[in-house]
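Novice: Here is my input; please provide its structure:
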Amino acid sequence: MSRPEIEIEPFGKRVVVERIIENSEDDQILSSVTDDAGTQHIIYKPSSAANPNAEHTGIVKAAGAECQYVLAGDRVLFVRHLGDATLLDQNLLVMHESDIIGRIQDKAVVRCA
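Specialist: Residues are numbered from 1 along each chain as shown. Reported below is the predicted structural model:
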């Protein structure tokens, strides 16, 4: 059964961002247990847990009419712990435009001024 599609039009300076899932290959295995049925259960410590203040990346799905810096389709960088963000889905957030640190350019080298 597929989940229903979420559609939202953000108001003001709010944006809807879909998080890009980080590579989980570096996750540390904390515990591994096999139950009586032979199913293995693994508890992982995500590599992102090492730095709780790390940034996340995402794709802007929709931007409010008053947004000045981002448009739908932009790849953006934002802080992980957002005080006023609303989680619509496991990877879909509604946040203030001011919570976005910057737009990610599609160039091999990004230079900061």
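Novice: Quick one: residues contacting Q40.
Specialist: S32, V33, T34 (CB atoms under 8 Å, 6 or more residues apart in numbering). Just so you know, the C-beta spots here come from the backbone N, C-alpha and C atoms, and that holds for glycine as well.
Novice: which of the residues you listed count as buried?
Specialist: Buried residues within the contacts of Q40, defined by neighbour count using 16 or more other CB atoms under 10 Å: none.
Novice: Out of those residues, which sit inside strands?
Specialist: Among the contacts of Q40, the members found in strands (DSSP state E) are S32, V33, T34.
Novice: Tell me which other helices or strands the helix or strand hosting L93 touches.
Specialist: In this assignment (DSSP states H and E), L93 forms part of strand 92-96. Using 3 or more CB pairs under 8 Å, 6 or more residues apart in numbering; DSSP states H and E as the contact test, the elements touching strand 92-96 are strand 14-19, strand 86-87.
Novice: Put together TSV for those strands, with mean pLDDT and mean neighbour count on each row.
Specialist: Shown next, in TSV, are those (pLDDT from 0 to 100; neighbours: other CB atoms under 10 Å):
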stretch	mean pLDDT	mean neighbour count
strand 14-19	90	22
strand 86-87	74	12
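Novice: would you turn those into a markdown table with distance to G73?
Specialist: Converted to a markdown table, the helices and strands packed on strand 92-96 look like this (distance: least, CB to CB, whole Å):
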| stretch | distance to G73 |
| --- | --- |
| strand 14-19 | 11 |
| strand 86-87 | 21 |
